[in-house]
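Enquirer: Just need the structure, nothing else, for what follows:
(3 chains)
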Amino acid sequence: MNPANRKAVPATAAELRAAAVVLALALLLPLALDGYQLFQLTQVLAYAIALLGLNLLSGYNGQVSLGHGAFCAIGAYAAAILMTRFGLPYWLAVPAAGVVSLLAGLLFGLPALRLGGLHLALATFGLGLALPQLLKYKGLEAWTGGVQGIVLSKPEAPFGLPLDQDLWLYYFTLSATLPMFWVARNLIRGRIGRALVALRDAPIAAVAMGVDSARYRLFAFGVSALYAGVAGALAAVAVQFVAPDSYTIFFSIALLVGIVIGGLGSISGALYGALFIQFVPNIADELSSAAPWAIYGVFLLACAYLLPQGVAGALRRLAIRNARKG
Amino acid sequence: MRKYLLVAAVAAIVGLALDASPALARKHKEPSASGREIRIGNIMPYSGPASAYATIGKVEAAYFKKVNDEGGISGRKIRFISVDDGYNPAKAVEMARRLVERDQVLLIFNPLGTPSNTAIRGYMNKKKVPQLFVASGASKWGDPEHFPWTMGGQPNYQSEGRIYAQHILKRRPNARIAVLYQNDDYGKDYLQGFKDGLGAEAKRIVAEASYEVTDPTIDSQIIALRSSGADVFFNISTPKFAAMAIGKAYDLGWHPIQYLNNLSISVGSVLKPAGLEKSIGLISVAYYKDPTDKRWEDDPAIKEWKAFMQQYYPQGNASDSLNVYGYLLAQMLEQVLRQAGDQLTRANVMHAAANLKDLQLPLALPGVKVNTSPTDYFPFESMQLQRFDGKQWVLFGEVVGR
Amino acid sequence: MEALVNQLLSGLASGGIYASLALALVMIYQATHHVNFAQGEMAMFSTYVAWTLIAAGFGYWAAFFLTLAFAFGLGFLIERLLVRPVARAPVLSVVVVFIGLLVIFNSLAGWLFSYSIRSFPSPFPQETLHLGRYLVTPHQLGAVGVTLIVLVLVFAFFRYTATGLAMRAAAQHPDSSRLAGIRVGRMLALGWGLAAAIGATAGMMAAPVVYLEPNMMSGILLYAFAGALLGGIDNPGGAVLGGFLVGVLENLLGAYVIGTEIKLSVALFLIVAVLLVRPRGLFGGRSLRS
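Expert: Coordinates of the predicted model:
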């Protein structure tokens, strides 16, 4: 079998070492943190999954989505409705929400195939704006709770384990994050990832080489929506509340900021981006209570200039420079 | 090479997770404020679509600074920690957790916004931290049986809607009514109270139109309402849209009897931009004194407030009644804290808040007394009708409600 | 019937506001091939500058033209200092820069001028005009008139002046243009300046209607963007027509078809549907890129 077509890309020894250390940290560090910090970290993990999905679509495949928060909202509401109206337990509701968002992504991605560049931007922007309106709509109120939103109950650790609820939620979210990162990594490194990038950089050549443009682009939309949906569901379970006001267009814009700052076209970038969008607004708030968002804007500009390839890109360059020296 | 990625990831996670502050192992049991300071938390939408209300947080901060300058409460200084949630409920949850778990506040005071308060209510009650005097008129905040740690801080929207409904039924029993409302919890709550107040006569509502906060103009809605032939208009909108509605109705030559919801009564921020002459005849309610009302020119409470604004919050708008509201609520909290006595535990604070009897605050209208009990979690239930005469609001009738 | 005509007129009036901002978007797109998402906030900020001048005692038209000069300078400087460094970056990075600008201007305005609404004067007389049984305010007519004047100026600039041609060339083929002797950098900065000035005009025409406050342009920007794409982002006349169409569509949908609760969603859906069928917009020209 042609090694380029294998589904799983084998990891190098260095990668395995790095992964082991990060994993150990992710598992052990939380034991020293309090509930609030665990809550924040759980949000970071959820954001990271969403950013991974958005990066797949907009970074690797070049389809700009300005309204990806809509898929997070769809996932969050799907999970909330399944949990409250159908009594599904949270650990089933989250993957189910992923499936719902996958379908939504394919549904939206199909007509979106005909749009490119600015038009896709407008269409996704419109989706991001329209969804909160639809969630508030009288006609759907019986399901969505309308403007009141839906309150969720906080999950307990299973099998009576003596774990703090926040700690358990963190581990649960981590247990979703790790496989999703692994799958994304394999997708990107393998045949599919190459096809997506080829379609972004040299579409005509790619099609000439036999890459089915529609199939891969649709695939990118669906998978990125699935990731966003799972992220939305996880965040909703952590916050224990969904409401239309949490998924305004600013949320979608924050996701976009996250992938650019983190690093387009990089897996670890999703994590850096998630850290940025979770913590930098808080830091800006502490730096200036008069105009914190102006500080945030300055941060954005600074990152755009100083880190043109995001945090991940900068770290990579640093590493290469040091490898050359030594 | 991977080492650097690793180190960076570790540093990022560790550093940022600690939010750049020494946060490990702060696990006190109860912030009994027996130390030198009383920490009070507050959540306001300093950014986002509702940022016009954030002045309430600022005037409250100024008030507590004044209290500190005058000696504090029983010798303890107040540290007022006000944070921004951008009117986003998920952010409000994060902020509430930060205030309670990191800043160890005694209570969260006057958090603003129905969605944000709904989001944090479960957490606050589970952690047994007072969510006191919520800045929202939604009727759900008076539920001591299920949420004993959450108390309202504004007259109920539904009660207000009912008052207007009853006034219409008395004055104009054959009215044809049009309603404009903001498409969210606040707007729908008012509408519900209004319809309940009309009872069987709810069919008198011949037209309803809603708007979103993202709508640039509401001309279309006003045109539609006018064409219904209604002669009474209930205007449930926030300041910017209220001004637009008042102005547009007038410009279209539509002069119904207009009832304006209490959130948008500010002469300086709503009626002046709309046009004072276009606002003649507006009916609303009040429960505290309007700083632009000539009747209160020599009133000692208003004079004291004006002096306070000059000294402690000069950048605030002295004709914006939101700044009176903030001062009023801050005074109320001060009263509660003093009443709670020397042992300032959360339970004592909640107990004091649930036992306010006939408290006549100086800036409240005479006759509007704050009353709470373990089964009544609405401090403000009485209001008085007022009519705008082109220069100021003129109270009429009696104080209604309890 | 009367209500329908009034809705149409009101739709044209709000459409006029969208059209004027759409012109600014067209200008910036023609000059740089980027859509500046901060255009609305820059317009809002310029309007506050005008308000400050008027409050300081300047007459309306003096303040108006001074503000245009300020806006032009602001746009020019922003391009030179903030946008130029990321010129070669991927498009998403540029979008992040625009978002940064958006957030900075919004926050600065809130901090400097507070979030309470302010009224902004109109240069046109105040009394409502009665055209038969239909009501129009002079400001609505005047604002539409100003939009049309700006449209004619922009159209003439791109069609009949050498600078306009140079600007379009610089945006579409920067390297070839340089070889032809066009100062590409200067064209970009000029384009930004002009777009900012057009945006300031839009803001000053909108403010008497929607009231001056830091968030006044965000709803308008979306409709302007949709209108510009609907009409064809490379065609100023088309974009203006698109703006008017969007205004009327939004009004009619809300009043007669679907109710006000989801008219935004339906309007956007319809616009995207149109773009699916006609990707260049209703009146867009043929371009080499989709």
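
Enquirer: Give the full set of residues in contact with B:F64.
Expert: The contact partners of B:F64, by CB atoms under 8 Å, 6 or more residues apart in numbering or on different chains, come to B:40, B:78, B:80, B:330. Using the backbone N, CA and C atoms, a C-beta is placed for each residue, glycine as well.

Enquirer: Go ahead and list the helix or strand containing it.
Expert: helix B:55-69 (DSSP states H and E).

Enquirer: Could you list the residues of the stretch 151-300 of chain A in contact with chain B?
Expert: A:151, A:235, A:239-241, A:243, A:245-246, A:248, A:250-251, A:268, A:271-272, A:275, A:278-279, A:282-283, A:285-286, A:289, A:292-293 (CB under 8 Å from any CB of the partner chain).

Enquirer: now, which of those residues lie within helices?
Expert: A:235, A:239, A:250-251, A:268, A:271-272, A:275, A:278-279, A:282-283, A:285-286, A:292-293 (DSSP state H).

Enquirer: still on that earlier bit, return only those of the residues of the stretch 151-300 of chain A next to chain B found close to chain C.
Expert: Answer for these near chain C (CB under 8 Å from any CB): A:292-293.

Enquirer: Give me the most central residue, the chain.
Expert: With no chain named, the answer covers chain A. In chain A, the centroid-proximal residue (CA atoms, centre = their mean) is A:A50; its distance is 0.9 Å.

Enquirer: ah, I was thinking of chain B
Expert: B:A135 (3.3 Å).

Enquirer: what about the lowest-mean-pLDDT helix or strand in chain A and chain B, any contact?
Expert: Sorted by mean pLDDT, DSSP states H and E, the helices and strands of chain A end with helix A:13-28, the least confident at a mean of 80. Yes: Helix A:13-28 lies within reach of chain B by CB under 8 Å from any CB, at A:14-15, A:17-18, A:21-22, A:25.

Enquirer: re earlier: so what's the residue nearest to the centre of chain B closest to, chain neighbours aside?
Expert: B:L112 (4.0 Å; CB to CB, 6 or more residues apart in numbering or on different chains).

Enquirer: try B:P256
Expert: Nearest to B:P256 is B:F233, by CB to CB, 6+ apart, at 4.1 Å.

Enquirer: so the one you found, which of the three states?
Expert: strand (DSSP: H, G, I helix; E, B strand; the rest coil).

Enquirer: and it, what does it touch?
Expert: Counted by CB under 8 Å, 6+ apart, B:F233 has contacts B:177-180, B:225, B:249, B:254, B:256-259.

Enquirer: Could you do B:L337 as well?
Expert: So B:L337 contacts B:38, B:73, B:344, B:349, B:352 (CB under 8 Å, 6+ apart).

Enquirer: returning to what we had before: show me which positions of the helix holding B:F64 end up buried.
Expert: Neighbour-count burial for helix B:55-69, with 16 or more other CB atoms under 10 Å in any protein chain shown as criterion, is recorded at B:55-65, B:67-68.

Enquirer: Surely C:L135 is within a strand?
Expert: Yes: C:L135 forms part of a strand when assessed by three-state DSSP.

Enquirer: per-residue pLDDT, it?
Expert: According to the prediction, C:L135 has pLDDT 76.

Enquirer: Report whether stretch A:39-53 contacts chain B.
Expert: Yes: interface with chain B: stretch A:39-53 contributes A:39-41, A:43 (CB under 8 Å from any CB).

Enquirer: And stretch C:198-213, by the same measure?
Expert: Yes: applying CB under 8 Å from any CB, one finds stretch C:198-213 in contact with chain B at C:206, C:209-211, C:213.

Enquirer: Neighbour-wise, give me the winner out of those.
Expert: C:A206 (28 neighbours; other CB atoms under 10 Å in any protein chain shown).

Enquirer: which one is that residue nearest to, not counting chain neighbours?
Expert: C:I17 (4.7 Å).

Enquirer: what helix or strand does the one you found sit in?
Expert: Assigned by DSSP H and E, C:I17 falls in helix C:2-32.

Enquirer: Tell me what angle the helix or strand following that helix forms with helix C:2-32.
Expert: Where DSSP H and E defines the elements, the next helix or strand beyond helix C:2-32 is helix C:39-55. Following axes from the mean of the first three to the mean of the last three CA atoms, to 10 degrees, one obtains 100 degrees for the angle between helix C:39-55 and helix C:2-32.
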